[in-house]
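Enquirer: below is the sequence, then the predicted model.
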Amino acid sequence: MTTDGLLPGVRVLDVGQGISGPYCGKILAQMGAEVIKVEPPDGDSARRMGPFPKNISHPEKSGLFLALNANKYGVTLDLTSPEGADSFRKLAATADIVIENPPPVFLEDLGLGYESLKAINPGIVFSSITPFGNRGPYKDYKATDLVLYHMSGHAHGLLGAVKDPDNDPPIRAGGHQAEFVGGLAAATATMMALYGKRMTGIGGRIDISSFEAMVTQLISGLANSAWGRPAPPRDISKVEEAAIGGMVGAIGGILPCNDGYVAISPREDAQWERWLGVMGNPEWSTDDRYSTRDSRQKNSPSLWKLLSDWSVHYSKHEIASLGQEQRIPCFPVNTVLDLMSDEHLAHREFFVEIQHPAVGVLKYPGSAYKLSNSPLPLAARPAPLLGEHNSEILEGLR
Amino acid sequence: MFESTNQLPLHGIRVLDLSWIIAGPTSTRFLASMGAEVIKVGSARRPDPSTRGPAFQAYNQSKLYASLNISKPEGLELVKHLLSVSDVVIENFAAGVIERLGLGYEIVRGVNPDIIMVASSGTGHYGPHTDYVAYGSLLQHYTGWNSISGYPQREPVPGGLWADPWVGMELAMVTVAALNNRAQTGQGQYVDFSMAEALSACLPEAVLDYQMNDRVKEPMGNRDDWYAPHNVFHCAGSDRWVAIAVTNDEEWASLCRLIERPDLASDTRYADAEGRRRYQDRLGVAITEWTMQHEDHQAMALLQQVGVPAGPSQDILRVFKEEQLAESGYFSRVETRDGIIRDLPGLPWRFDGDRSPILTEAPELGQDNSFVYRELLGLTQEDLERMVADQIIY
């Protein structure tokens, strides 16, 4: 028996706004759950975040909103009004899962928190995503993607070591990666709670901290700390060996090409031998300074100069192909434009086309996973217009 | 139905963990700490590279660990025996390896028709680049992820540890989604997971901006397309920074009051985000005059008190020592086998009821051989000893 997605018949109320909550809802929707997005009458705040066509803000044309809310239904409810709250309770009575990501809207403050929903729907799963969780000294602090990225240690790791730390601060990644991690953690926990509910009949309240979700991305670093190791230095003159994920010297790095960059990592001795072959076994390759992983690490500045002098004569795709033919880990540094013309992604039908009444047909990134027995409904419907399904969903409530 | 809420949600699930290094083990760590019985198998013949150092501890908490040499025919038979009593099998070898080992999905399904098989590789298990050799740090470049991260007009950032941990959590999520489906329909599943696609899926803004505006998104450091001020600012002390993100006009007014710059608050050029973006260099100088007078955590506290999102830029050791993590109950205090009490990392969620995750020390290779082979598979002690001697259970 095949099903349309993995979660047929599961109903979710997505009260989230912005990014983390709606991203959690998006995952559930593309898994096949029926996700009803509950927006305030003036709409989710993500409707006011770009990108927009021609950079002109429009509540139905935010690229971020459209991507995060495709495949959901949409209703508007003023949860601060008795009528709105009443409709919400009736909806919650029919739902398996409620997702919120306060602030600004705490369902608890509106009399719609877990305990009151549990009274009308005992098995409900209630997932609450906040920047720092619901305990600890920072529990009422605000955070954005920038703040979470820096506080959790990722910004130090992303930039790596630099020559002048006081004039070269750590940086966050592009997009909204920290908020996405909060949403993924919430989806993971929610999926587990749903499974537990299937087994025991008991749902429950789950608190998700986006900060802890970011921190959990770096558990290897936390373990290093627990074993008394220092943090990787920010000052490049103090780096002896790159940490996991960092690419410095012997581990790998970036080479300039005639059309961009290529990232290479011939870190094992056998890979390095093959890499020298790709480069035509240059004279310096037998030099003692570069003959072992340790010596390559020690002499990485002069080594990377030699590699760069060679790489600038080729394109990033040429070097990546030559390297991969020799089974050396190396990849072009791709832009989104490269992605959209990538033959591998096209073959795997990674991008999905969705027609939306306000912006027309656009290609959206799909999912990283293919299911053998339950093809995912990735393009079931476009993101809802504000209040699009009010009559369909709200009028039948009693 | 049961009345107790102290049962972890994945109680009763058995996972055969053939994965190694970071992404796969990260996913099974999530499953194990939430109640699944995870049996990691590996061989001294080809040890998990992450066995070196404390990282292994983090990635393998809460699991059982049996030794098994799959390259021997009898080893392969033992794997199949384990498959027949498992709900899930997870592997993250390079694409094609598991099939060459004789454990492709067709064979696995033949042994256990309802099993969920999760297979993760760099670029997925079919398609023209399926054989590409990948490390997570390189995938960050291949997937466009690093093309929007970094400083403008500089060479791409070298690394960061993102792909493997992200994929680890996403694999756990998909696995439990498939378990949900199996609970409903009784059917298993093969999951073809592409690490590269997992990262590319997180760039919808850039993908849609390109289609809407024909613009190839470029890195912009700590700055934002919309919000301003939005950066890190130097604090008192060497290499100390506080991140500040002003997301609306109210926060801007609060910030100006805090740093005692009413002139900026009343200047109409800075009244909206667009104006503040245009003049963000100049505003940065004014903000830094204030931040330089404060320690980074103190700056955060003062800014948060007036409702401005802010936090220090920290290295991992300072994160480890964060008061917030200590007090929110994130860590699990464990005496490790060297007799030292340590705070080991936890999970980013709390379930209500008495449903605390199981967070134990990582196992050593072979420590659970007796449970796995004698109790679970019913081998005799003689069989077990012979297979150890023959380097099958090895």
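Expert: Received the coordinates, thanks.
Enquirer: only C-alpha atoms from now on, for both contacts and neighbour counts.
Expert: Will do.
Enquirer: which residues does B:Gln61 contact?
Expert: B:Gln61 is in contact with B:Arg29, B:Ala32, B:Ser33, B:Leu359, B:Thr360, B:Glu361, B:Ala362, B:Pro363, counting by C-alpha atoms under 8 Å, 6 or more residues apart in numbering or on different chains.
Enquirer: how about it, secondary structure?
Expert: Of the three states, B:Gln61 takes coil under DSSP: H, G, I helix; E, B strand; the rest coil.
Enquirer: pLDDT score for it?
Expert: We have a pLDDT of 95 for B:Gln61.
Enquirer: so what's the residue lying closest to it once chain neighbours are set aside up against?
Expert: With C-alpha to C-alpha, 6 or more residues apart in numbering or on different chains as the measure, B:Ala362 is the residue that lies nearest to B:Gln61, at 4.2 Å, once sequence neighbours are left out. Contacts here follow C-alpha under 8 Å, 6+ apart; on that basis B:Ala362 touches B:Phe56, B:Gln57, B:Ala58, B:Tyr59, B:Asn60, B:Gln61, B:Ser62, B:Lys63.
Enquirer: list only buried entries from these.
Expert: The neighbour-count test (16 or more other C-alpha atoms under 10 Å in any protein chain shown) marks B:Phe56, B:Gln57, B:Ala58, B:Tyr59, B:Asn60, B:Gln61, B:Ser62, B:Lys63 as buried among these.
Enquirer: out of those, flag the one nearest to chain A.
Expert: Nearest to chain A, judged by C-alpha to the nearest C-alpha, of these is B:Ala58 at 5.6 Å.
Enquirer: any idea which helix or strand carries the closest one?
Expert: If you go by DSSP states H and E, B:Ala58 is part of helix B:55-59.
Enquirer: domains in the chain, by residue range?
Expert: No chain was given, so I picked chain A. A:11-216+A:349-394, A:241-337 (automatic domain parsing).
Enquirer: I was thinking of chain B, sorry if that wasn't clear
Expert: B:14-201+B:334-389, B:230-234+B:241-312.
Enquirer: chain B contacts on the stretch 251-398 of chain A?
Expert: A:253-254, A:261, A:263-265, A:324, A:327-339, A:343-345, A:347-348, A:350, A:362-374 (C-alpha under 8 Å from any C-alpha of the partner chain).
Enquirer: filter the residues you listed to the buried ones?
Expert: A:253-254, A:261, A:263-265, A:324, A:327-337, A:339, A:344-345, A:348, A:350, A:362-371, A:373-374.
Enquirer: now intersect these with the strands, please.
Expert: A:253-254, A:261, A:263-264, A:330-332, A:362-365, A:369-371 (DSSP state E).
Enquirer: so which of these sits lowest on pLDDT?
Expert: Lowest pLDDT within those is found at A:Gly253 (86).
Enquirer: wait, isn't that residue in contact with A:Tyr261?
Expert: No: A:Gly253 is not in contact with A:Tyr261 according to C-alpha atoms under 8 Å; the separation is 10.1 Å.
Enquirer: coming back round to it: ok, of the ones in strands among the buried ones among the residues of the stretch 251-398 of chain A next to chain B, which one's closest to A:Ile206?
Expert: A:Tyr369 (25.6 Å; C-alpha to C-alpha).
Enquirer: sec struct for B:Val41, please.
Expert: Classified using three-state DSSP, B:Val41 is strand.
Enquirer: next, count neighbours for residue 305.
Expert: In the absence of a named chain, chain A is used. The tally of other residues near A:Lys305 (other C-alpha atoms under 10 Å in any protein chain shown) stands at 12.
Enquirer: my question was about chain B, not that one.
Expert: The number of residues packed near B:Gln305 is 15, by other C-alpha under 10 Å.
Enquirer: same deal with A:Gly396?
Expert: Neighbour number of A:Gly396 under other C-alpha under 10 Å is 8.
Enquirer: can you confirm it is in a strand?
Expert: No: applying three-state DSSP, one finds A:Gly396 to be coil, outside a strand.
Enquirer: read off the pLDDT value for it.
Expert: Per-residue confidence (pLDDT) for A:Gly396: 79.
Enquirer: relative to A:Glu34, how far out is it?
Expert: Distance, A:Gly396 to A:Glu34, by C-alpha to C-alpha, to the nearest Å: 16 Å.
Enquirer: likewise B:Ile13?
Expert: Distance, B:Ile13 to A:Glu34, using C-alpha to C-alpha: 26 Å.
Enquirer: A:Ala223 now?
Expert: Distance, A:Ala223 to A:Glu34, by C-alpha to C-alpha: 40 Å.
Enquirer: neighbour count winner among these two?
Expert: The residue with more neighbours, out of A:Ala223 and A:Glu34, is A:Ala223; 25 against 21, by other C-alpha under 10 Å.
Enquirer: top helix in chain A by residue count?
Expert: What stands out as the longest helix in chain A, according to DSSP state H, is helix A:177-200.
Enquirer: give me the residues contacting whichever helix or strand comes after that one.
Expert: Moving toward the C-terminus from helix A:177-200, the next helix or strand (DSSP H and E) is strand A:204-209. Residues outside strand A:204-209 that contact it (C-alpha under 8 Å, 6+ apart) are A:114, A:123-134, A:182, A:185-186, A:189-190, A:193, B:348-353.
Enquirer: out of these, which sit inside helices?
Expert: A:Tyr114, A:Gly182, A:Ala185, A:Ala186, A:Ala189, A:Thr190, A:Ala193.
Enquirer: and the nearest residue to the second one once chain neighbours are set aside, how many neighbours?
Expert: The spatial neighbour of A:Gly182 that comes closest, neighbours along the chain excluded (C-alpha to C-alpha, 6+ apart), is A:Ser210 at 4.2 Å. If you count neighbours by other C-alpha under 10 Å, A:Ser210 ends up with 32.
Enquirer: so A:Ser210 is in contact with A:Ser128, correct?
Expert: No: A:Ser210 is beyond contact range of A:Ser128, at 10.5 Å (criterion: C-alpha under 8 Å).
Enquirer: which residues do these two both contact?
Expert: By C-alpha under 8 Å, 6+ apart, A:Ser210 and A:Ser128 have no common neighbours.
Enquirer: got the contact list for the spatially closest residue to B:Ala271 that is not a sequence neighbour?
Expert: Leaving aside its chain neighbours, B:Ala271 sits nearest to B:Asp249 (7.0 Å; criterion: C-alpha to C-alpha, 6+ apart). Shown in contact with B:Asp249 (C-alpha under 8 Å, 6+ apart): B:Ala271, B:Asp272, B:Ala273.
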